[in-house]
Every structure is written in structure tokens, then in C-alpha cells.
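Chemist: Sharing a model prediction with you, sequence too.
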Amino acid sequence: MDKKRRYQFQVSAQHIDFQKKVSLSSLFHLILKTAGKDADNNGFGLLKLQSDDYTWVLSRFVMDMERFPLENENITIETWIQDVGAMFTTRNFRITNGEDRLIGYVSSSWAVIDMKTRQGVLLDSLASLNAFVWPETIPIGVPTRIANVKGDIANRFEVKYSHIDVNCHASSPFYIQWIADCFSLDFYRRHKLKRFEINFLKEITFGDTGVVYRESKAKNDYLFQLVTSEKGISCRARMQFEDEGSR
């Protein structure tokens, strides 16, 4: 039984930003794709859960990167389940380049919800999940709670058809886009993202409208809060940068 698996990807033109580096939302999407493939291979993937009217939802996520891969670069994402609790399971990721050199780590917290009631489900209902636990931690720790955010409005959004996924809510990479769009191109030329964290609190669904608050916590350290008119605070996030050329 393989408790840890490695998945290969090539960074293509559809994944990159104006600097020809993989964008935050695209790398986030590749990590979610890795989690989905691994869950499918282990017998508790999305389609299997949906046959019982359940689905996976991402609760918390933290990423720490030495650098972001470039266009046409090959990367490997290794993943495993670190632990399983009553309501949440921790899934870790290790990202390496084509020479098998470490470039980043990710830790994520997942829950299962009932698609009819939208309530959480006890994970002991997924008997096979515990069989795949590999209790290996990673240096960046597990994702933690982000406190309430103040600050000013830095972006606005409206949820439309193209934002909606199979769970009938806004797909999580769009949350990342709305947050990342709070900065200018010049800012990204002068800074490189080191660490990203996000807490998903409430579903955002079709027709919802909202704003993104941004608070400068310290130099190169920013907090965000997505607030919709319909549901209130939907998620909180944090981005920590380094000045370009500082490493």
C-alpha cells in the first residue's frame, strides 16, 4: 500500500503570470489536483464520496515556497495524509523541481460535508482513510487560525457561472485570485511571495457579491478578509513577501 505518492506536472503557458512564473492560483490548483488524484487512487475520492451525497471541502491551507516554478519547468508534488481527527484530516505536500530539489511545502486541512445538509461529517465514516495515514510532519507546521482582519477595501468581486464548481459554490482558486489581485504589477515586480495562508469559513455561491479587505500587519506582511453582502466573512488569508533580490 502506497501511503505517499508523487505526481508530475509541467508548468505550461496557462499556468504562468506576466513574469513567466506559475501564478499563486495555478499552483494552488495543481496542489488541489494532486490531492484529488491521490484520494481517487486511495478509494476515497470526490466521485466516490458524492455517490453517498458527501463531498470534500478545504478548510485551511498554508504554503511556503523557496521559489515559484517557471514556464515549461517540470515539478513533482508528493503528498500524504499526516493525521485523521474526528472532523478534519491533515494532508501534506512536498514540491520539488526536475532535479528533485526542494522548492516548497504545503499543509492543508480538509473536512467532509453532507451535500444535502451542508453540515460536517465524522471522518470515521470513511473507514479506509486511517489506513493511509503516514505521520510525517513538515517544517512549516500545520495551517492555523487567522484572526479577524481590519484594513481597507482593496478589491471587489461578484460570483458568476464560471466561478462555480461541482459542489455548487465558488471554486477555491478564485478566492486566491481575488486576494492576489489586491496588488499592482509593479508590486509583484518588486516583491516575491514567500508564504501564503488561507482559512475558508463560509461557502460563497452564485450571485454573491463582496469585497476584499487588506491590512498591512508589518513590512511585507498582509492580512485579507473576504466579506460578502449575503453571508458575511467568508475567508481570511495572509501573504508574506520578500523584497526582490533579498535571497
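Modeler: Yep, that arrived.

Chemist: Look up how far H169 lies from D208.
Modeler: 9 Å (CB to CB, to the nearest Å). For glycine as for every other residue, the C-beta is placed from the backbone atoms N, C-alpha and C.

Chemist: Quick check, F132 in contact with K4.
Modeler: No. Taking contacts as CB atoms under 8 Å, F132 lies outside contact range of K4: 9.2 Å.

Chemist: quick one: common contacting residues for these two?
Modeler: Residues touching both F132 and K4 (CB atoms under 8 Å, 6 or more residues apart in numbering) are W80.

Chemist: Have a look at the two and say which one is more surrounded.
Modeler: F132 (22 against 14; other CB atoms under 10 Å).

Chemist: Spit out the contact partners of the more buried one.
Modeler: Per CB under 8 Å, 6+ apart, neighbours of F132: M1, K3, N42, W80, I81.

Chemist: how close does it sit to T55?
Modeler: 19 Å.

Chemist: what does Q240 give?
Modeler: 31 Å.

Chemist: Ok, A154 next?
Modeler: For A154, the distance to T55 - CB to CB - is 31 Å.

Chemist: Those two - which one has more neighbours?
Modeler: Ranked by neighbour count (other CB under 10 Å), A154 and T55 place T55 first, with 20 against 17.

Chemist: Show me the beta-bridge partners of the more buried one.
Modeler: I113 (DSSP bridges).

Chemist: Quick check: it touching K116?
Modeler: No. If you go by CB under 8 Å, T55 and K116 don't touch, sitting 10.6 Å apart.

Chemist: so what's the nearest residue to V112 once chain neighbours are set aside up against?
Modeler: Using CB to CB, 6 or more residues apart in numbering and skipping the chain neighbours, the partner closest in space to V112 is V121 (4.4 Å). With contacts defined as CB under 8 Å, 6+ apart, the neighbours of V121 are Y54, A111, V112, I113, D114.

Chemist: cool, and P173?
Modeler: S25, S26, F28, H29, L32 are the contacts of P173 under CB under 8 Å, 6+ apart.

Chemist: So which of those residues belong to helices?
Modeler: S25, S26, F28, H29, L32 (DSSP state H).

Chemist: filter those residues to the buried ones?
Modeler: Buried residues within the ones in helices among the contacts of P173, counting neighbours by 16 or more other CB atoms under 10 Å: S25, S26, F28, H29, L32.

Chemist: for the third one, what are its contacts?
Modeler: Think F28. F61, M63, S172, P173, I176.

Chemist: In strands only, show me these.
Modeler: F61, M63 (DSSP state E).

Chemist: Name the nearest of the contacts of F28 relative to K231.
Modeler: Taking CB to CB as the measure, K231 lies nearest S172 of the contacts of F28, at 15.5 Å.

Chemist: Figure out how far the least confident helix or strand in the chain by mean pLDDT is from the centre of its chain.
Modeler: Every helix and strand in the chain was compared by mean pLDDT, DSSP states H and E; the lowest is helix 46-50, with a mean of 88. Centroid separation between helix 46-50 and its chain, computed with CA atoms, centre = their mean, to the nearest Å, is 20 Å.

Chemist: Restricting to C-alpha, output it in PDB.
Modeler: Extracted C-alpha coordinates of helix 46-50, given in PDB (Å, rounded to 0.1, in the frame of the first residue of the first chain):
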ATOM      1  CA  LEU A  46     -14.700  13.000  -4.800                       C
ATOM      2  CA  LEU A  47     -16.800  10.800  -7.100                       C
ATOM      3  CA  LYS A  48     -16.800   8.000  -4.500                       C
ATOM      4  CA  LEU A  49     -17.900  10.400  -1.800                       C
ATOM      5  CA  GLN A  50     -20.600  12.100  -4.000                       C
END
